[in-house]
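> I would like the atomic coordinates for the input below:
(2 chains)
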Amino acid sequence: MPVDDVLERIRAQMNLEAEREHEVLEEIRGHLEDAVAAGRERGLDDDAALAEAVARFGVEQVGEELQATHEGWGVMEGIAAAAIPVLCALVLRWLVFDPAGTFSGWQQVVSRPAFWLIAVAGLVIPALRFPRRRYALASWAIFWSLSVIMIVGGAVQR
Amino acid sequence: MDRAVNDNKPSSDSIDQMRKGTTTLAILKLLLDTGEPMHGYLMIQELEARSRGIFAFNEGLIYPRLHQMEHDGLLRSRWEGEPGTRRRKVYVVTEKGRRQLEAEMEQWETFRRGMRLLLGLEGAA
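Model prediction:
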């Protein structure tokens, strides 16, 4: 029974986001490989070493616990991912740009410290919040897209 | 005779319950004592060795706990090793984890003192 088969048994009990699931299983793969190597050093053959590693690991229970632990994290990240750029865009729109929704004085906006503060916060907050950088970059891109839409949309309506 | 002796031993269930409540404390203490990033397998070996085998459990159960601790901001992780080689996810304690350990150590000491008094193992000061 290769390590991949054991990982498949664990995977069967989980229903996580693909990338998170991959990371979890890679971590477990490392654990099982270390445990098998330790068994071999004690003189066990490959099958016996893996069987021992699997028994000590507690495959069935671990899959359920991992699912229970990770359940709902994606939802919370999704809510945060949606909320952060929207909030930043609103703050930028109403506090830094002209609240009346015109372009008046937009050249001066970039010289205001508040503009740069919000621009940096729009990147740093998601970078600290999310373990993956691309989430932070995606959040930042959404923030700027929303900002442009709101500012241009407001100006056009005028 | 053996039966009588066994009846007086703590059951594995009660040790299990105590262990579950103290795993976070044990992991934080281990990581701070060693001062080195550690992966799950190594932590289990160290915890078993430190507790002289009492702290033995299904090894895989350390991972849900590590992930929860990381999610709670007590630990930070990173991958070590190049892609394509044997890679390991290692953990270190954050500042929040350090504060949590201090608080939990204090609570543990209070609990331990209270239980010793309750069980008559220690005279009231």
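> if I read this right, A:Leu123 contacts A:Ala136, doesn't it?
Yes. A:Leu123 lies in contact with A:Ala136 (Cβ atoms under 8 Å); the separation is 6.4 Å. Placement of C-beta: from N, CA and C, glycine included.
> Comparing these two, which shows the higher neighbour count?
Neighbour count, other Cβ atoms under 10 Å in any protein chain shown: between A:Leu123 and A:Ala136, A:Ala136 has more, with 21 against 17.
> So is the helix or strand hosting that one next to chain B?
Assigned by DSSP states H and E, A:Ala136 belongs to helix A:133-157. No. Helix A:133-157 lies out of reach of chain B by Cβ under 8 Å from any Cβ of the partner chain, never closer than 12.9 Å.
> Show the secondary-structure elements that that helix is packed against.
helix A:73-91, helix A:113-129 (3 or more Cβ pairs under 8 Å, 6 or more residues apart in numbering or on different chains; DSSP states H and E).
> Next, the buried residues of stretch A:67-83.
A:Gln67, A:Thr69, A:His70, A:Glu77, A:Ala81 (16 or more other Cβ atoms under 10 Å in any protein chain shown).
> Do I have it right that the third one meets A:Leu16?
The reference is to A:His70. Yes. Between A:His70 and A:Leu16 there is a contact under Cβ under 8 Å: 5.3 Å.
> which one is whichever residue of chain A sits closest to chain B nearest to, not counting chain neighbours?
Relative to chain B, the nearest point of chain A is A:Gly58 (2.9 Å; Cβ to the nearest Cβ). Leaving aside its chain neighbours, A:Gly58 sits nearest to B:Asn58 (2.9 Å; criterion: Cβ to Cβ, 6 or more residues apart in numbering or on different chains).
> What is the neighbour count of residue 31?
The chain I'm using is chain A. Count around A:His31 with other Cβ under 10 Å applied: 25.
> meant chain B, my bad for not saying
24.
> Near chain B, list only the ones from the buried residues of stretch A:67-83.
Answer for the buried residues of stretch A:67-83 near chain B (Cβ under 8 Å from any Cβ): A:Thr69, A:His70.
> out of everything not next to it in sequence, what's closest to A:Ala89?
In space, A:Ala89 is closest to A:Leu146, 3.8 Å off (Cβ to Cβ, 6+ apart).
> Let me know whether the one you found touches A:Ile84 as I believe.
No. Applying Cβ under 8 Å, one finds A:Leu146 not in contact with A:Ile84, separated by 11.0 Å.
> higher neighbour count, the two?
Taking neighbours as other Cβ under 10 Å, A:Leu146 and A:Ile84 compare with A:Ile84 leading, 22 against 17.
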